[in-house]
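In: Fold the following.
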Amino acid sequence: MDTQELLTRAQELAVQFVPKIAAALVIVVLGRWFARAMSRVTRAAVDNAGGDPILVNFLSSLVYTAPLAMVVVAVLGQLGVQTTSFIAMLGAAGLAPQPRPVADLPRRTAPGSPRSGRWRATM
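Out: Numbers count the residues shown, from 1 in each chain. Reported below is the predicted structural model:
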């Protein structure tokens, strides 16, 4: 390939991908702005209702993260990536059985506790 063919090909690629990249950047900026705004509204609402600080942080993080996942899918779709498998993976992760730490409690005891087998009563 000579230089002229390379420049022509680069121009074709730029014309094809620059609008997609610009639209993806707009989606990212607006999506983050929306997610932050919703997170702040949620934080203020739960805080004003007298919610527990842990609950306030959890809900505001959840309300921030959920739209960001949608933004990622939208950006990938805008860039031409097939997002069907990504959406299926997110759905499967949400439906996957979660570990039950309370059920595993007898096996996870602190060393020296009566259940560990190394405990001695001292008097």
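In: remind me, longest helix of the chain?
Out: In the chain, assigned by DSSP state H, the helix with the most residues is helix 3-48.
In: Please list all residues in contact with Ala74.
Out: Each residue near Ala74 by Cβ atoms under 8 Å, 6 or more residues apart in numbering is listed here: Ile27, Gly31. C-beta coordinates here come from the backbone N, C-alpha and C atoms, glycine included.
In: Can you give me the pLDDT of it?
Out: pLDDT recorded at Ala74 is 91.
In: how distant is the host helix or strand of it from the center of its chain?
Out: Using DSSP states H and E, Ala74 maps to helix 53-78. Relative to its chain's centre, helix 53-78 lies at 6 Å (Cα atoms, centre = their mean, to the nearest Å).
In: next one: stretch 2-16
Out: 37 Å.
In: picking that back up, now the longest helix of the chain: mean pLDDT?
Out: According to the model, helix 3-48 has a mean pLDDT of 90.
In: Give me the contacts around stretch 44-52.
Out: Residues outside stretch 44-52 that contact it (Cβ under 8 Å, 6+ apart): Leu55, Val56, Leu59, Ser60.
In: Drop anything exposed from those residues.
Out: Val56, Leu59, Ser60 (16 or more other Cβ atoms under 10 Å).
In: Turn these into a markdown table, columns for distance to Phe86.
Out: Shown next, in a markdown table, are these (distance: Cβ to Cβ, whole Å):
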| residue | distance to Phe86 |
| --- | --- |
| Val56 | 30 |
| Leu59 | 25 |
| Ser60 | 25 |
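In: Among those residues, which one sits closest to Ile27?
Out: Comparing the buried ones among the contacts of stretch 44-52 against Ile27 with Cβ to Cβ places Ser60 closest, at 22.1 Å.
In: can you pull the contacts of the closest residue to that closest one other than its chain neighbours?
Out: Leaving aside its sequence neighbours, Ser60 sits nearest to Arg43 (Cβ to Cβ, 6 or more residues apart in numbering; 4.1 Å). With contact set as Cβ under 8 Å, 6+ apart, Arg43 has these partners: Val56, Leu59, Ser60.
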